[in-house]
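Q: I'll drop the sequence and a predicted model, then ask my questions.
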Amino acid sequence: MSEIQILIADDHPIFREGLKKVITRDAQIKVVGEAEDGLTAIALLTTLQPQVAVLDLDMPGKDGFAVMRAVQEAKLPVKVIFLTMHNSEAIFHSALDAGVSGYVLKDGAIAEIVNAIRAVAAGRNHISAELSTWLLNRAQRATELAQQKPSIADLTPTELRVLKLIAQEKTSKEIAAELFISPKTVEHHRSSICEKLDLRGFNALVKFAISHKSELA
């Protein structure tokens, strides 16, 4: 395998440095960039275009989901690994729906990050072993969804309000201001809506919202 160039983005410098030391023990992996916030990560990914990005899910400015969307919008040839403290099944599913190639819990990151990088660089996925039950749940849910047609009726009142504002072509920041919630919460609602309605692709949610605008009035 040729050299794997990666970028690390995490707002905790001590953790980032420790992770870098572990990663660089592998002679085939080279850290070409580091970022402490989402905006810097997006800028470096655009200019450096590494094969793999290891992103903390919670970062100042832009979180991991926002960086992932920027990668997709720019069609950057980078595989994304989310590195997170969130031991949450809902966020895990949202991450996979967003298109990440890896999901690694910080508790086990030191032991498995090199294998995760190698796996996604080779075109495979890598999920922390302790999350295997969630993968089984995901497969079961996919089967159940295939047997029923998802509808707006499956959404919570808050998700319906978010979908209505998406239909009005408002940004996540504008929706957050109108509903008095954080942009990050809006993003989680968007991911949940996509999962419930089985929507795939960056523009699928907007297209769905606009086409069902009359039902959301």
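A: Thanks, I have the structure now. The structure displayed is predicted, hence computed values, not measured ones.
Q: what about the helices in the protein?
A: Counting by DSSP state H, the segments of the chain that form helices are 13-23, 38-48, 64-73, 89-98, 109-121, 132-146, 157-167, 172-179, 183-197, 204-211.
Q: Nearest to L57, out of those?
A: Closest approach to L57 among these (C-beta to C-beta): helix 64-73, 4.1 Å. Placement of C-beta: from N, CA and C, glycine included.
Q: Check which helices and strands the closest one sits against.
A: Contacts defined by 3 or more C-beta pairs under 8 Å, 6 or more residues apart in numbering; DSSP states H and E place helix 64-73 against helix 38-48, strand 52-56, strand 79-84, helix 89-98, helix 183-197.
Q: Make a markdown table from these and add mean pLDDT, distance to L205 and mean neighbour count to it.
A: Shown next, in a markdown table, are these (pLDDT from 0 to 100; distance: least, C-beta to C-beta, whole Å; neighbours: other C-beta atoms under 10 Å):
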| stretch | mean pLDDT | distance to L205 | mean neighbour count |
| --- | --- | --- | --- |
| helix 38-48 | 95 | 20 | 19 |
| strand 52-56 | 95 | 21 | 27 |
| strand 79-84 | 92 | 19 | 25 |
| helix 89-98 | 85 | 10 | 19 |
| helix 183-197 | 91 | 5 | 20 |
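Q: any chance of these in CSV, with distance to N137 too?
A: Converted to CSV, the helices and strands packed on helix 64-73 look like this (distance: least, C-beta to C-beta, whole Å):
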stretch, distance to N137
helix 38-48, 29
strand 52-56, 24
strand 79-84, 18
helix 89-98, 7
helix 183-197, 12
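Q: Quick one: closest of those to A204.
A: Comparing the helices and strands packed on helix 64-73 by C-beta to C-beta, helix 183-197 comes nearest, at 7.0 Å.
Q: Just want the angle from the closest one to helix 157-167.
A: 100 degrees (axes from the mean of the first three to the mean of the last three C-alpha atoms, to 10 degrees).
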